[in-house]
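# I need the structure of the sequence given here:
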Amino acid sequence: MVNQTYTADVLVVGGGTGGTAAAIQAARRGAKTILVSEFSWLGGMLTSAGVSAPDGNELEAFQTGLWGAFLQELRQRQLGGLDNSWVSFFSYDPRIGAEIFADWVQELPNLHWISGQVPMEVYRQGDSITGVRFADFAVTAKIILDATELGDLLPLADIPYRWGWELQSEWGEPSASVTFNSLTQKYPVQAPTYVVIMQDFGESIAPKIPAAPNYNPSQFTGAWHGYAAETFLNYGRLPDGLFMMNWPICGNDYGEGVERLIESDLSRSEFIQESCWHSQNFAHFIQKQLGSRYGLAKKVFPHTSTAFALHPYYRESRRLVGLTTVREQDILPIAKGRVASIFNDAFALGVCEAIAVGNYANDHHYPGVQFPLQPKSIRWGGRWTGTPFTIPYSCLIPATTDGFLVCEKNISVSHIANGATRLQPVVMGIGQAAGMAAAICVELNCQPRDLPVRTLQTALLEDNRSKALIIPFFNLPSNRSDWRYWQLYYLDNPQAYPVSGDCPDSAFDKALIQESNCFKGIFYRLEQQEYKFTVIAPAAYQGQSWQLVTLRSHINEQLRAYPHEQLVTLWGRYNHSGNWLLVEYLNRG
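Here you go, the predicted structure:
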């Protein structure tokens, strides 16, 4: 029974990574915004799903928009910094991430957040979505955004969506399956992971982790084969002796009957419970194999099972049938280049609709299956990173429905390309763009499909709080005075976008990062884009050899040119888990 009906300019349903960003951006733009979330934490993958070691958009030039602002807040609030794990350059206590998002929402008087609610019904008038009913209230709004983890508004609104694989014959994607087979049937979407946080209790004995139903130790045998135990644990090391367990090799990915997630509320609950048990069993196995000092973390998440995330980390959801669809070709590098095209082949020639940037490798998770994908990784800064690609605005818009946008993993994307578009930073960028678009549509009294994309792009580039990258360049950080000029230049001249991904004007901001420490040693060039450093000073590290990596473009250029076996003075931060020095500044001798 509906006891109350709220009205708003913008309604965001779902408080995950994209939805949180969308609601904040819409409200900052001035729209009266209501955000309705299922969980008591905002941030989704970054917080309530426990993946507090995010992947992608790690290079300095890609740390823009709300994603860059989030990193800046983390650096200020996380004691000891963010260099804790080897899977990510940014690992943090998820409680701090949730606190940041809650603070950002609290400071906006025109943003009303309601938690603990899921959508029950969607209201339509003809081809337009006009509102959403929850358990005991409803919200009507001019623009409604689906930011749910699994695209739950799409079936409620009778909006066409995809679930499962597209064959190679659909769009000619090089990595797509030629025929439906046992893999496409068993895993119609990528496997989720129910993240569990473990803790090193040191000299104390951790409470025993009981086995959950269906415990089978053979499922986890060989999980860290080829890795030392400490290296395995340090994969997702967080501050204060905590470990994020999100391990893909004989670990806690879970995909048994994954189609149950969209069949019914009951079947979804059953799948979620099983995936949680699977992670508990993995933690039980780790404790038995590696010792009683490792147990379940205490008081991390705000519910009874405090070591377990509030919900699974969903890698894939229902996917909108949009005006255009991001396919594998749109995320792969241009021939002889280091970047993807800033066009989608479905666009009119000469039009760039980019509104967000990602760069992660195309990474798919099917437990027990090695699935080869067309490579999109490149070596840069002494390490591997991913080919930068862009997300077009039209993949957020339904093909035939008005008053509606999507802003999570539910964008119009192929199953194959979803492996790269699903990561936290790019979803945050998608959410920011969707929130900005919704607010401007309210201002202009227009539908999302009628919003000029250049109006949206300019608003993102000029946002007074968190200006957001649109055209990716390795060497164009957003603190440069000419950043906006070059962004607009290549929006006006997209055919001139260089395949190298380097802006032709190579002036750098060489400011030293204040948290850096000074090290002296010998520089060694092992391979192209692979460097080693043997420490001479400080004395505490003398004789140790570390990998040298950087996220800063001018340091990348200096490392590429530095002479082999020469003395070098570096400023940076040492990461014990990765055994690397993250270089921020470099001097000869």
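# Going along the chain, name the helices of the stretch 201-350 of the chain.
Ranges of helices in the stretch 201-350 of the chain, per DSSP state H, counting those that start in this stretch, are 229-234, 265-290.
# With the stretch 451-589 of the chain instead?
With helices called from DSSP H, counting those that start in this stretch, the stretch 451-589 of the chain shows them at 453-462, 483-492, 553-561.
# Could you give the number of residues near L82?
L82 has 21 neighbours, counted by other C-beta atoms under 10 Å. C-beta here means a position set from N, CA and C on the backbone, and glycine is covered the same way.
# Mind checking what secondary structure L74 has?
At L74, secondary structure determined by DSSP: H, G, I helix; E, B strand; the rest coil is helix.
# Excluding chain neighbours, what is closest to it?
Among residues not flanking L74 along the chain, Y92 sits closest, at 5.1 Å (C-beta to C-beta, 6 or more residues apart in numbering).
# just to revisit the earlier point, tabulate the helices of the stretch 451-589 of the chain (TSV), appending distance to G291.
TSV is the format used below for the helices of the stretch 451-589 of the chain (distance: least, C-beta to C-beta, whole Å):
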stretch	distance to G291
helix 453-462	49
helix 483-492	50
helix 553-561	39
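# now those helices in a markdown table, with mean neighbour count and mean pLDDT?
Shown next, in a markdown table, are the helices of the stretch 451-589 of the chain (neighbours: other C-beta atoms under 10 Å; pLDDT from 0 to 100):
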| stretch | mean neighbour count | mean pLDDT |
| --- | --- | --- |
| helix 453-462 | 18 | 98 |
| helix 483-492 | 17 | 96 |
| helix 553-561 | 19 | 96 |
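# I114: how many residues sit nearby?
Using other C-beta under 10 Å, the number of residues around I114 comes to 14.
# again but with N587, I slipped
For N587, the count of nearby residues is 12 (other C-beta under 10 Å).
# Which strand residues bridge it?
Beta-bridge pairing for N587 (DSSP bridges): T569.
# Kindly provide the distance from it to I555.
Distance of N587 to I555, computed by C-beta to C-beta, to the nearest Å: 11 Å.
# go on, V357?
When V357 is compared with I555 (using C-beta to C-beta), they lie 21 Å apart.
# cool, and A223?
For A223, the distance to I555 equals 35 Å [C-beta to C-beta].
# Kindly report the same for Y562.
In terms of C-beta to C-beta, Y562 sits 10 Å off from I555.
# re the thing from before, the helices of the stretch 201-350 of the chain: which one's closest to I397?
Across those, I397 has its closest neighbour in helix 265-290 (27.1 Å, C-beta to C-beta).
# can you give me the helices in the stretch 51-200 of the chain?
65-77, 94-106, 153-156, 168-171, 182-186.
# Surely I262 and E316 touch.
No. In this structure, I262 is not within contact of E316 by C-beta atoms under 8 Å, at 10.9 Å.
# Looking at these two, which one has more neighbours?
Set side by side, I262 and E316 show more neighbours around E316, with 27 against 20, by other C-beta under 10 Å.
# do you know which of the helices of the stretch 451-589 of the chain lies nearest Y294?
The minimum distance between Y294 and the helices of the stretch 451-589 of the chain falls on helix 553-561, with 36.5 Å, by C-beta to C-beta.
# For the closest one, enumerate the helices and strands it packs against.
Judged by 3 or more C-beta pairs under 8 Å, 6 or more residues apart in numbering; DSSP states H and E, helix 553-561 is in contact with strand 580-588.
# Show me what the strand it packs on is packed up against.
Under the contact definition 3+ C-beta pairs under 8 Å, 6+ apart, strand 580-588 sits against strand 545-549, helix 553-561, strand 566-575.
# Average pLDDT for stretch 278-293, rounded please.
Mean pLDDT, stretch 278-293: 97.
# no wait, stretch 36-48
For stretch 36-48, mean pLDDT is 98.
# List the buried residues of it.
Across stretch 36-48, burial judged by 16 or more other C-beta atoms under 10 Å covers 36-39, 41-48.
# Just the closest of those to Q185, please.
Of all the buried residues of stretch 36-48, Q185 sits closest to M45, with 26.9 Å by C-beta to C-beta.
# I'd say the closest one and G14 touch.
No. If you go by C-beta under 8 Å, M45 and G14 don't touch, sitting 11.9 Å apart.
# Now do the phi/psi pair for the residue nearest the centre of the chain.
In the chain, the centroid-proximal residue (C-alpha atoms, centre = their mean) is Q424; its distance is 1.3 Å. The phi/psi pair for Q424 (degrees, to the nearest 10) reads phi -60, psi -50.
# Quick check: it touching G56?
Yes. If you go by C-beta under 8 Å, Q424 and G56 touch, sitting 7.0 Å apart.
# Please point out which parts of stretch 201-215 sit buried.
Going by neighbour count (16+ other C-beta under 10 Å), the buried part of stretch 201-215 is 201, 206, 209, 211-212, 215.
# Make CSV from these and add distance to Y574 and pLDDT to it.
As requested, the buried residues of stretch 201-215 are exported to CSV (distance: C-beta to C-beta, whole Å; pLDDT from 0 to 100):
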residue, distance to Y574, pLDDT
F201, 25, 96
A206, 28, 95
I209, 32, 98
A211, 38, 98
A212, 38, 98
Y215, 39, 97
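# ok, back up a step: got the contact list for the residue nearest to the centre of the chain?
17, 45-46, 51, 54-56 (C-beta atoms under 8 Å, 6 or more residues apart in numbering).
# what does L469 give?
Shown in contact with L469 (C-beta under 8 Å, 6+ apart): 61-62, 64-65, 357, 429, 478, 487.
# if I look at L82, how far off is R95?
15 Å.
# cool, A8 as well?
According to C-beta to C-beta, A8 and R95 sit 29 Å apart.
# more crowded one of these two?
Neighbours per residue (other C-beta under 10 Å) separate A8 from R95, with A8 holding more: 23 against 14.
# Are we agreed that the more buried one is in a helix?
No. Under three-state DSSP, A8 falls outside any helix and is assigned strand.
# so where's the stretch 451-589 of the chain shaky on pLDDT?
Residues of the stretch 451-589 of the chain that meet the criterion pLDDT under 70 lie in 506-515, 589.
# excluding its backbone neighbours, what's nearest S577?
Nearest non-adjacent residue to S577, counting by C-beta to C-beta, 6+ apart: N234, 3.7 Å away.
# Count the residues that sit near P372.
Counted with other C-beta under 10 Å, the neighbours of P372 add up to 7.
# I misspoke; the intended subject was H364.
The burial count for H364: 23, using other C-beta under 10 Å.
# so which helix or strand takes in it?
In the assignment (DSSP states H and E), H364 maps to no helix and no strand.
# Name the nearest residue to it, sequence neighbours excluded.
G419 (4.6 Å).
# Ok, A309 next?
In space, A309 comes closest to G50 once its chain neighbours are excluded; the distance is 3.4 Å by C-beta to C-beta, 6+ apart.
# so what's that neighbour up against?
Residues near G50 by C-beta under 8 Å, 6+ apart: 94, 195-197, 244, 246, 301, 308-310, 313.
# Distance to R28 and neighbour count added to the residues you listed, as CSV?
Formatted as CSV, those follow (distance: C-beta to C-beta, whole Å; neighbours: other C-beta atoms under 10 Å):
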residue, distance to R28, neighbour count
P94, 24, 27
V195, 30, 29
V196, 35, 27
I197, 32, 25
M244, 30, 28
N246, 31, 24
F301, 28, 25
F308, 33, 22
A309, 28, 29
L310, 26, 20
Y313, 27, 24
